[in-house]
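A.B. asks: return atomic coordinates for the entry below.
(2 chains)
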Amino acid sequence: MKVKRYLRLLGIQLKASGLLSLQYRADFFTEGLTSLFWTFTALAPLFVVYSERPSIEGWNFGEALLVVGWFTLLQGILEGAINPSLTGVVEHIRKGTLDFVLLKPADAQFLVSTQRFQPWRAFNVLTGIGLFVYAFMHLGRWPSVTGLLASVLLLGTSTLLLYSLWILTVSAAFFVVRVDNLTYLFTSIFDFARWPSSVFQGVGRGVLTMVFTYVIPLALMTTFPAQAMLGRLPPQSLVGAVVGAGLFAWGSRQVWLRSIRRYTSASS
Amino acid sequence: MSARTTLRAFPTLLRVGFAEAVAYRAEMLIWVLSTTMPLVNMVLWMAVSREAPVGRFGEADFVSYFLATFAVRQLATSWAAWLINWEVKQGTLAMRLLRPISPLWAYAVESIAAFPMRLMVAVPVMLLSVALVGQKAVPQHAWQWGFVVLSVIGGWAVAFLANVAIGALCFFLESSQKVLEVWLVLFFVCSGYMYPVELLPPTLRTIIDWLPFRYQIGVPVEMLTGAYGWEESLRLLAAQWAWVAVLGALAAVTWKQGVRRFAAFGG
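C.D. replies: This is a model prediction of the structure:
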């Protein structure tokens, strides 16, 4: 019953955002062009690096391209589905209008997370898929069915992780008010997910790898799905990713619940 | 808007700008922390050069190169284009135009006044670089330090003037944010921000030598890592300041033509 109600709510919110975006159809092309252009900044270092070496830390050009593809795809999800809503929350907190959300008879986290979608911004998802095709053409083979299924499952966990990290960042907004640039900080930390996580092995005796696997799980988001596509992700890693993402989501939910208790409406 | 009033306003503007930079120090720290791109690329290049050096770059050279990039990026940067777009859209530019000093000077001073605070980040990063890599991370001769200072100022000027020229385009285009994005992408790819320009194939390097991007970051960074002798340094500095002059003229013209079209919204 409850699930049905929330699904209906989600439908309504999606419809509202969709209608709004349809008013700005031309954005599809401008956003698309900029997305392709920005992808170039992710590819340029790869071209330079792989003109020097055939393989780095066990990743050749095509394989590393898959990681960049996942990075681009997740960026699309982040910008199209996660960022717009959650920047809205920061605005709500600053202005004190979060009151209106809290008064509604539905879960506040659900309401704020679904308040706005910007489908045109999600163009990067298409760019990411394009990069997968190009990468596999470069590798001269296609992924196995199980590999693809595993990577689709990991797409779910990656999105969940990304969303949970974002919820954690937004929870900080209850403590420090000026957080609009925290969103930039978040995006720049996410930049570390561009490369296969094994690149970080040599830095600080593997401390960085530990951080990016367990503390800020960037490795889980882009390297794991790429490995799954290549069919070389060990099954226990897959299970670990699913369990880890679940735990992370649960943890961020707890932090959100705690932070929202600290919310005191501004002014009035 | 005579030169004298402008000059007289300078010390006060600097003080105001500095006070602002101090007041918003937490925000600045977050901006600093979000310039992770040199570090993201540093780890990649460290992995590449672990077994054998790339060109003249060994692992330690990449560390010093990218830490220098991080430090220079704190200084040779500008967000004037974004600011101009915002102020034109909000109509608050009208307030600035009423003052007896060109808004361009105000933007410039605002950015210069933040230098002391930004140096407080850049200098420790360079000290860290020396601690990690040793003496060769920084120039050995006094004259090289002179070039460092001049080229960092030049790099800032390139960034600022290009930002003004792009920002002023919003008088013609409603919003020049997309133009700014194009500039930023080219900057990322061509400036030496993500990899030393030296590692590119020769034809690309020749093109990049003629573009402004490298002179914003790449050249100051190379000076700061003591890559060049006297003659090469002089040549690069001349090229950099030639670009400063070109961009200065471009910025002045677009701004002058553009501001005539400005109409404040609201009342």
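A.B. asks: low-confidence ranges in the stretch 1-150 of chain B?
C.D. replies: In the predicted model of the stretch 1-150 of chain B, residues B:1 satisfy pLDDT under 70.
A.B. asks: so which bits of it are right by chain A?
C.D. replies: Proximity of the stretch 1-150 of chain B to chain A (CB under 8 Å from any CB of the partner chain) is limited to residues B:26-27, B:30-31, B:33-37, B:40-41, B:43-48, B:50, B:54. The way it works is simple: take the backbone N, C-alpha and C, and place the C-beta from them, glycine included.
A.B. asks: ranges for the helices of chain A?
C.D. replies: Using DSSP state H, the helices assigned to chain A run over residues A:2-22, A:27-52, A:61-77, A:83-95, A:98-103, A:108-113, A:123-139, A:145-172, A:182-190, A:207-210, A:218, A:224-230, A:235-261.
A.B. asks: these: lowest mean pLDDT?
C.D. replies: Comparing mean pLDDT over those, the weakest stretch is helix A:207-210, at a mean of 74.
A.B. asks: which is the next helix or strand following that one?
C.D. replies: helix A:218 (DSSP states H and E).
A.B. asks: so that following helix, near chain B or not?
C.D. replies: No - judged by CB under 8 Å from any CB, helix A:218 makes no contact with chain B; its nearest approach is 10.8 Å.
A.B. asks: which among the helices of chain A is found nearest to B:F160?
C.D. replies: Across these, the minimum distance to B:F160, taken as CB to CB, is reached by helix A:182-190, at 20.4 Å.
A.B. asks: what helices and strands are in contact with that closest one?
C.D. replies: helix A:83-95, helix A:145-172, helix B:25-33 (3 or more CB pairs under 8 Å, 6 or more residues apart in numbering or on different chains; DSSP states H and E).
A.B. asks: would you mind getting the angle between it and helix A:83-95?
C.D. replies: Angle, helix A:182-190 to helix A:83-95, by axes from the mean of the first three to the mean of the last three CA atoms, to 10 degrees: 140 degrees.
A.B. asks: which residues sit against helix A:182-190?
C.D. replies: Here helix A:182-190 makes contact (CB atoms under 8 Å, 6 or more residues apart in numbering or on different chains) with A:74-75, A:78, A:83, A:86-87, A:90, A:162, A:165-166, A:169, A:172-173, A:176, A:216, A:218, B:30-31, B:33-37.
A.B. asks: one more time with 10 Å, if that's ok
C.D. replies: A:71, A:74-75, A:78-79, A:83, A:86-87, A:90, A:162, A:165-166, A:168-170, A:172-173, A:176, A:179, A:212, A:216, A:218, A:221-222, B:27, B:29-37, B:39-40 (CB atoms under 10 Å, 6 or more residues apart in numbering or on different chains).
A.B. asks: next one: stretch A:254-268
C.D. replies: So stretch A:254-268 is in contact with A:92-99, A:102, A:108-109, A:112-113, A:164, A:167-168, A:170-175, A:177, going by CB under 10 Å, 6+ apart.
A.B. asks: give the buried residues for it.
C.D. replies: Of the residues in stretch A:254-268, A:255-256, A:259-260, A:263 count as buried by neighbour count, 16 or more other CB atoms under 10 Å in any protein chain shown.
A.B. asks: could you pull up the contacting residues of B:Y193?
C.D. replies: A:41, B:35, B:37-38, B:41, B:66, B:69-70, B:72-73, B:187, B:213-214, B:216-218, B:221.
A.B. asks: looking at this, it is in a helix?
C.D. replies: No - when classified by DSSP: H, G, I helix; E, B strand; the rest coil, B:Y193 is found to be coil rather than part of a helix.
A.B. asks: what sits against residue 128?
C.D. replies: Reading this off chain A. A:35, A:39, A:66, A:68-77.
A.B. asks: can you look at chain B instead?
C.D. replies: Listed by CB under 10 Å, 6+ apart, the contact set of B:L128 reads B:63, B:67, B:70-71, B:137.
A.B. asks: which of the helices or strands spans the residue in the stretch 151-267 of chain B that chain A sits nearest to?
C.D. replies: Scanning the stretch 151-267 of chain B for the residue nearest chain A gives B:F188, at 4.3 Å (criterion: CB to the nearest CB). For B:F188, the enclosing helix or strand under DSSP H and E is helix B:177-190.
A.B. asks: quick one: that helix to helix A:27-52, angle?
C.D. replies: Put simply, helix B:177-190 runs at 10 degrees to helix A:27-52, going by the same axes, to 10 degrees.
A.B. asks: can you give me the buried ones in helix B:177-190?
C.D. replies: Taking 16+ other CB under 10 Å as the neighbour-count basis, helix B:177-190 is seen to contain the buried residues B:177, B:179-181, B:183, B:185-190.
A.B. asks: make CSV out of the residues you listed and add pLDDT.
C.D. replies: Formatted as CSV, the entries for the buried residues of helix B:177-190 read as follows, by pLDDT from 0 to 100:
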residue, pLDDT
B:Q177, 85
B:V179, 88
B:L180, 90
B:E181, 88
B:W183, 91
B:V185, 90
B:L186, 91
B:F187, 92
B:F188, 90
B:V189, 89
B:C190, 90
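A.B. asks: show me the helices in the stretch 101-250 of chain B, by range?
C.D. replies: If DSSP state H, counting those that start in this stretch is used as the criterion, the helices of the stretch 101-250 of chain B fall at B:103-113, B:115-133, B:142-168, B:170-173, B:177-190, B:202-210, B:213-216, B:218-224, B:230-259.
A.B. asks: for the third one, list every residue counted as buried.
C.D. replies: Neighbour-count burial for helix B:142-168, counted by 16+ other CB under 10 Å, picks out B:144, B:147-148, B:150-168.
A.B. asks: circling back to that earlier point, which among the contacts of stretch A:254-268 end up buried?
C.D. replies: A:92-93, A:98, A:108-109, A:112-113, A:164, A:167-168, A:170-171, A:173-174.
A.B. asks: nearest to chain B, of these?
C.D. replies: When the buried ones among the contacts of stretch A:254-268 are compared for distance to chain B, the smallest value, 12.7 Å, is given by A:A173; criterion: CB to the nearest CB.
A.B. asks: contacting residues around that closest one?
C.D. replies: Taking CB under 10 Å, 6+ apart as the definition of contact, the neighbours of A:A173 are A:86, A:89-94, A:98, A:179-180, A:182-183, A:259, A:263.
A.B. asks: what's the answer for B:W230, then?
C.D. replies: The contact partners of B:W230, by CB under 10 Å, 6+ apart, come to B:141, B:143-144, B:147.
A.B. asks: one step back: what is the helix holding B:F188 packed up against?
C.D. replies: helix A:27-52, helix B:80-90, helix B:142-168, helix B:170-173, helix B:202-210, helix B:213-216 (3 or more CB pairs under 10 Å, 6 or more residues apart in numbering or on different chains; DSSP states H and E).
A.B. asks: how about low-confidence regions in the stretch 151-267 of chain B?
C.D. replies: Across the stretch 151-267 of chain B, residues meeting the criterion (pLDDT under 70) sit at B:264-267.
A.B. asks: near chain A, which residues of it?
C.D. replies: B:177-178, B:181-182, B:184-190, B:193-197, B:199-201, B:204 (CB under 10 Å from any CB of the partner chain).
A.B. asks: again, only using 8 Å
C.D. replies: Looking at chain A, the residues of the stretch 151-267 of chain B close enough under CB under 8 Å from any CB are B:178, B:181-182, B:185, B:188-189, B:194-195, B:199-201.
A.B. asks: circling back to that earlier point, which of the contacts of B:L128 lies closest to chain A?
C.D. replies: Within the set of the contacts of B:L128, B:V63 lies nearest chain A; the separation is 9.9 Å, counting by CB to the nearest CB.
A.B. asks: is it true that that closest one touches B:L132?
C.D. replies: Yes - at 5.8 Å, B:V63 and B:L132 qualify as touching, with contact defined as CB atoms under 8 Å.
A.B. asks: higher neighbour count, these two?
C.D. replies: Taking B:V63 and B:L132 together and counting by other CB atoms under 10 Å in any protein chain shown, B:V63 has the greater number of neighbours (22 against 12).
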